[in-house]
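Q: the amino acid sequence is not available; the structure is as follows:
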């Protein structure tokens with residue numbers, strides 16, 4: 001058996017050819033590509049800034065026209081009741097006032113939810129820039145803003161107190177951002193991964209035993225909606241109806257950019273390689289795949305709603321949050 005023995009070469013020897021690949025010396029660029037995908041997906045939904053598009057003009061004009069028609073109808077209705085009886089007119093006016101107050105409260109909550117989720121997405125991108133540029137001043141400012149975001153959560157009190165002390169002691173911006181992730185955000189990550197695991201388990205079990213495909217579809221959609229909203233709430237967002245639509249749009253964009261379920265092909269191949277497919281019924285196999293899809297949706301929502309990118313630990317995958325889907329013991 002031939003073996004390669006070490007040899008010495010002179011660098012000036014013209015017979016020596018050196019094949020130096022830049023990739024060997026370059027840093028692993030997967031986190032950067034993941035972050036660019038997250039920011040692009042956020043720009044398509046959560047922080048979309050296209051305020052003067054034709055679609056926006058159309059819906060704004062249509063909403064204004066419908067509002068004018070409803071206002072005119074309501075005015076005529078109240079006037080008609082007053083013409084019949086002062087008591088009926090007063091009752092109609094009171095009910096109309098309650099409707100207007102409820103609508104104003106709903107709109108206020110929706111606007112606050114939109115701005116809050118956009119604020120968190122802006123924090124995410126600002127933290128990424130501060131970490132990349134090692135900007136100490138920006139990091140200190142962002143840490144204060146993030147701490148104020150969670151000031152009403154007693155579970156974060158210790159972490160916020162520790163960061164308040166470290167913010168004045170740490171002179172390196174990159175280190176301060178990484179400590180913020182380790183002290184403050186990691187606990188929220190654990191809560192989010194537990195939610196994803198529970199949703200994936202529910203989906204895999206229910207779709208494996210449900211008798212109708214329509215039940216599978218409705219349950220998977222319902223769990224996806226609930227999971228996205230819950231993850232947004234964990235990281236400080238309070239999405240209303242329109243806020244949820246923006247987050248869902250970003251999640252769909254993120255899945256499209258990163259390949260969606262194609263990103264889980266290696267997991268499916270791993271499952272097949274372990275011979276699991278041969279042991280499972282068709283329904284149980286569908287449950288596993290639906291559980292993987294739910295976990296992928298949750299992981300995308302986690303990356304998008306997180307107030308800063310993954311820096312000190314790798315981006316979690318399906319095998320990290322739902323390993324039971326790939327276990328041999330089914």
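A: On my side now, so go ahead. As the structure is a computational prediction, the values presented were derived from the model and not from experiment.

Q: host element of residue 112?
A: According to DSSP states H and E, residue 112 maps onto helix 86-133.

Q: let me see the mean pLDDT of that helix.
A: Per-region confidence: helix 86-133 scores 91 on mean pLDDT.

Q: output the contacting helices and strands for that helix.
A: Contact partners of helix 86-133 among helices and strands, from 3 or more C-beta pairs under 8 Å, 6 or more residues apart in numbering; DSSP states H and E: helix 30-44, helix 54-84, helix 136-149, helix 173-180, helix 241-258, helix 282-305. Where C-beta positions appear, they are placed from N, C-alpha and C, glycine not excepted.

Q: which other helices and strands does the strand or helix carrying residue 214 contact?
A: Element membership for residue 214, per DSSP H and E: helix 213-234. Where contact means 3+ C-beta pairs under 8 Å, 6+ apart, helix 213-234 is packed against helix 186-209, helix 241-258, helix 282-305.

Q: now do 10 Å
A: Secondary structure elements in contact with helix 213-234, counted by 3 or more C-beta pairs under 10 Å, 6 or more residues apart in numbering; DSSP states H and E, are helix 86-133, helix 186-209, helix 241-258, helix 282-305.

Q: how near is residue 75 to residue 97?
A: Residue 75 is 13 Å from residue 97, where distance means C-beta to C-beta, to the nearest Å.

Q: any idea of the angle the helix holding residue 214 forms with helix 86-133?
A: 70 degrees (axes from the mean of the first three to the mean of the last three C-alpha atoms, to 10 degrees).

Q: any idea how far helix 213-234 is from the middle of the chain?
A: Here the centre of helix 213-234 is set off from its chain's centre by 14 Å, with C-alpha atoms, centre = their mean, to the nearest Å.

Q: against residue 218, how distant is residue 139?
A: From residue 139 over to residue 218 the distance is 45 Å, taken as C-beta to C-beta.

Q: try residue 157
A: Residue 157 sits 41 Å away from residue 218 when distances are taken as C-beta to C-beta.

Q: same check on residue 74?
A: Separation of residue 74 from residue 218 (C-beta to C-beta) stands at 36 Å.

Q: same question, residue 119
A: Here residue 119 is placed at a distance of 33 Å from residue 218 (C-beta to C-beta).

Q: and for residue 285?
A: Noted for residue 285: a distance of 20 Å to residue 218, by C-beta to C-beta.

Q: what about the two, which has more around it?
A: Neighbours per residue (other C-beta atoms under 10 Å) separate residue 285 from residue 218, with residue 285 holding more: 16 against 12.

Q: and the helices and strands packed on helix 213-234 as JSON lines, adding distance to residue 175?
A: As requested, those are exported to JSON lines (distance: least, C-beta to C-beta, whole Å):
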{"stretch": "helix 86-133", "distance to residue 175": "10"}
{"stretch": "helix 186-209", "distance to residue 175": "16"}
{"stretch": "helix 241-258", "distance to residue 175": "28"}
{"stretch": "helix 282-305", "distance to residue 175": "23"}
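
Q: no further queries at this time; thank you.
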